[in-house]
Each structure stands twice: as C-alpha cells, then as structure tokens.
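Q: For reference, the sequence and a predicted model appear below.
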Amino acid sequence: MEHFDFSLYSNFSFGEGKIKQLVTIANELKPTAILFVASKRTIKSKSVCAVIRELIKNGHELKYFDEISPNPRTKSIDRCAEIFLE
C-alpha cells in the first residue's frame, strides 16, 4: 500500500444547549445545504424546531433523513447519501 495523507475539517461540540449554536456555525460556514440525520421525534422536538425555523429564516436549505436505526443496513446509508446529494 502506498502512503497517503488525509485531512478532514471537523469540529465537535457537546453539551446542554449546544444545538442553539448551530445557526451561528451555519452562518459562518455558509453550507450549500444542511442535512439533519435524526429520528422523526427528535426533528419535531421543540428545541430542534426552533433551530430549524432560524436556519430557514437565515436562508439555509435543509434536508432531512429520519430513517435511522441502531444498526443501519447499506440500503439505509445509500438512501441518506441520495438525500444528501439531491
């Protein structure tokens, strides 16, 4: 195997109330679209709905994938990728 380098820009932030920072982060990064991967229940929760409204108000395109399972099959992952690439 030949040598290669791989870099990936990632920031992780955990803790209570961190979802409220998503709008600020999205405004700074200016993504083409944001993909929410979560259960239907989570996406409909009061705190997530508030963030979603703010993201839309700030002009962000949102996509959703809620067909999640604890041990996803390739079909499920492929479907998420399709949504992401649409």
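A: The structure has been received and is ready for your questions. Only a predicted model underlies this, so the values are computations on that prediction, with no experimental measurement involved. Residues are numbered from 1 along each chain as shown.
Q: Quick one: mean pLDDT over the helix or strand that contains K63.
A: Here K63, judged by DSSP states H and E, is contained in strand 62-65. In this model, strand 62-65 has a mean pLDDT of 94.
Q: For that strand, output the C-alpha coordinates as PDB.
A: Taking Å, rounded to 0.1, in the frame of the first residue of the first chain, the C-alpha atoms of strand 62-65 are listed here in PDB:
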ATOM      1  CA  LEU A  62     -32.400  22.000   4.900                       C
ATOM      2  CA  LYS A  63     -32.600  18.300   4.100                       C
ATOM      3  CA  TYR A  64     -33.900  15.500   6.400                       C
ATOM      4  CA  PHE A  65     -33.100  11.900   6.900                       C
END
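Q: Quote the end-to-end distance of stretch 2-18.
A: With CA to CA, to the nearest Å applied, stretch 2-18 spans 40 Å between its terminal residues.
Q: What would stretch 30-45 look like as PDB? C-alpha coordinates only.
A: Extracted C-alpha coordinates of stretch 30-45, given in PDB (Å, rounded to 0.1, in the frame of the first residue of the first chain):
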ATOM      1  CA  LYS A  30     -22.300  29.100   4.600                       C
ATOM      2  CA  PRO A  31     -23.000  25.500   3.600                       C
ATOM      3  CA  THR A  32     -24.900  24.700   0.400                       C
ATOM      4  CA  ALA A  33     -27.400  22.700   2.500                       C
ATOM      5  CA  ILE A  34     -27.700  21.200   5.900                       C
ATOM      6  CA  LEU A  35     -28.600  17.500   6.400                       C
ATOM      7  CA  PHE A  36     -30.400  16.600   9.600                       C
ATOM      8  CA  VAL A  37     -29.900  12.900  10.500                       C
ATOM      9  CA  ALA A  38     -32.200  12.200  13.400                       C
ATOM     10  CA  SER A  39     -35.400  10.400  14.400                       C
ATOM     11  CA  LYS A  40     -38.800  11.900  13.400                       C
ATOM     12  CA  ARG A  41     -39.400  12.600  17.100                       C
ATOM     13  CA  THR A  42     -36.100  14.500  17.500                       C
ATOM     14  CA  ILE A  43     -36.700  16.600  14.400                       C
ATOM     15  CA  LYS A  44     -40.200  17.500  15.700                       C
ATOM     16  CA  SER A  45     -38.900  18.400  19.200                       C
END
